[in-house]
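# need coordinates for the below:
(one chain, ligands or ions: 2)
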Amino acid sequence: MITKIVSKSQSTTWQAELSQAFTNPLELLDFLALSHMPLAQQVLQRPQFSLLVPRHYAAQMQPGNPADPLLRQVLPILAEQQQVPGFSHDPVGDQKAEKTTGLLHKYHGRGLLITTGACAIHCRYCFRQYYTYSRHIFTQLPKIIENLQADTSINEIILSGGDPLLLADARLAQLISQLAHIPHLQRLRIHSRLPVVLPSRITKDLIHHLTATRLQTVMVIHANHINELDATVQQALQQLQHSGVMLLNQSVLLRGVNDNVADLKALSEKLFSSHVLPYYLHCLDRVQGAAHFEVNEIEAIQLVKQLQEQLPGYLVPKLVREVAGMPYKQPL
Ligand SMILES: *Cc1c(COP(=O)(O)O)cnc(C)c1O
Ligand code: SF4
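Residues are numbered from 1 along each chain as shown. Ligands and ions are numbered 1, 2, ... in the order given. Down below sits the predicted model:
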């Protein structure tokens, strides 16, 4: 009996934690002792893309620092309301790549499932913030599976979103098992920010569901700054790695967050010590409201050159930009 109670509480801790996340910008500022700073005058109190920040993530921010690199990623500010030419609602052409509701097919061999529209954190620079999601893909699943069965060129399926790890274990297990029945699929890739922003999501049960499959499992996490990788996050990553999940990281190059060599270098080093290889450093997708995060391409290339001078090749992420209509993410 006791073991049953323990495993139930483990599987629901993360959901309870998520329900405690900050949703009010002023409360977050208060928590960080920033309510009386000039920054408070710039905050949008009710933005359309709401504020959402798990307490674990907020706890990594530095109290009293209005320029905190984690805070900047999540705090809605007036600058978002500027209309800047070239910044649109669907900068990467996702709507056009939709094969059937919930399934994107843009690149050879890889299908991407928008498993849910929900995330555990709202990143202000997110290119999918205007994407019109159906609530989740499960009513569409028979059609998606049919599509994947018919297309033998696809050997890798990417679970994306939103964040696929917000799905309940049973849902996820059912989805993975259905995918594993498609004979030409070889790899299961999970794109998730949860190991970083809500590490309590990485439970033993979850790891079991991700690894008890004939598919090879790759997880691409999303961290932008070394301060996001505390001991709890590192522990979650270590458990994933020990269970045979290959771990990669993608970052977005963001003005005021990680636009300097020292921070990028520290991030790569810390990722490696957490068993994660740097994969992509993305140039910002030009989504409306995110212009204040943009680092121009010349500066981006310079930064990566300096990284190459200081790090082993395997710790330098590939600098890429996604261009609508192109057959792969474009290296710079
Ligand atoms: C980014 C992306 C992929 C994966 O591309 P990789 O270069 O293999 O990481 C696949 N499908 C879609 C729609 C994507 O946006
Ligand atoms: S976690 Fe990913 S999908 Fe969700 S808001 Fe952040 S960048 Fe966008």
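# all contacts plus neighbour counts: C-alpha atoms, from now on.
Noted.
# any idea how far Glu269 lies from ligand 1?
Noted for Glu269: a distance of 21 Å to ligand 1, by CA to the nearest ligand atom, to the nearest Å.
# begin at 49 from now on, thanks
Renumbered: residue one is now 49, and that last one reads Glu317.
# that residue sits in which helix or strand?
helix 309-321 (DSSP states H and E).
# how about the helices of the chain, start to end?
Applying DSSP state H to the chain gives helices spanning 50-67, 73-79, 103-106, 117-122, 189-198, 217-228, 242-245, 252-259, 279-290, 309-321, 345-358.
# which one of the ones you listed lies nearest to Gln143?
The closest of the helices of the chain to Gln143 is helix 189-198. By CA to CA, the value is 15.9 Å.
# would you mind listing what in the chain touches ligand 2?
Within the chain, the positions near ligand 2 by CA under 6 Å from any ligand atom are Cys167, Ile169, His170, Cys171, Cys174, Arg176, Gly209, Gly210, Arg241.
# check which helices and strands the helix holding Glu317 is in contact with.
The contact analysis (3 or more CA pairs under 8 Å, 6 or more residues apart in numbering; DSSP states H and E) places helix 309-321 against strand 325-330, helix 345-358.
# turn these into JSON lines, columns for distance to ligand 1, mean pLDDT and mean neighbour count.
As requested, those are arranged in JSON lines below (distance: least, CA to the nearest ligand atom, whole Å; pLDDT from 0 to 100; neighbours: other CA atoms under 10 Å):
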{"stretch": "strand 325-330", "distance to ligand 1": "8", "mean pLDDT": "98", "mean neighbour count": "22"}
{"stretch": "helix 345-358", "distance to ligand 1": "18", "mean pLDDT": "98", "mean neighbour count": "15"}
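# need those in TSV with distance to Gly141, can you?
Converted to TSV, these look like this (distance: least, CA to CA, whole Å):
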stretch	distance to Gly141
strand 325-330	16
helix 345-358	20
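# how does the protein divide up, domain by domain?
Listed by automatic domain parsing, the domain ranges of the chain are 61-129, 146-379.
# straight-line length of the last one, end to end?
Right, the one you point to is domain 146-379. Using CA to CA, to the nearest Å, the gap from the first to the last residue of domain 146-379 comes to 24 Å.
# and if you look at stretch 203-216?
25 Å.
# residues in contact with it?
If you take CA atoms under 8 Å, 6 or more residues apart in numbering as the criterion, stretch 203-216 is touched by 157-168, 220, 232-242, 249.
# tell me the most buried of the domains of the chain?
domain 146-379 (a mean of 19; mean count of other CA atoms under 10 Å).
# off-centre distance for that domain?
Relative to its chain's centre, domain 146-379 lies at 5 Å (CA atoms, centre = their mean, to the nearest Å).
# would you agree Leu302 is in contact with Asp333?
No: if you go by CA atoms under 8 Å, Leu302 and Asp333 don't touch, sitting 10.6 Å apart.
# related to what we said a few turns ago, which of the contacts of stretch 203-216 fall within strands?
Residues of the contacts of stretch 203-216 located in strands (DSSP state E): Arg158, Gly159, Leu160, Leu161, Ile162, Arg235, Leu236, Arg237, Ile238, His239, Ser240.
# okay, the second one and Gly150: tell me how far apart.
The gap separating Gly159 from Gly150 is 10 Å, by CA to CA.
# and the last one, by the same measure?
Computed as CA to CA, the Ser240 to Gly150 distance reads 17 Å.
# how close does the residue nearest the centre of the chain get to Ile250?
Compute the mean C-alpha point of the chain, and by CA atoms, centre = their mean the closest residue is Arg241, 3.7 Å away. The gap separating Arg241 from Ile250 is 11 Å, by CA to CA.
# measure stretch 139-149 end to end?
Start and end residues of stretch 139-149 are separated by 19 Å (CA to CA).
# that stretch and ligand 1 in contact?
No: judged by CA under 6 Å from any ligand atom, stretch 139-149 makes no contact with ligand 1; its nearest approach is 6.8 Å.
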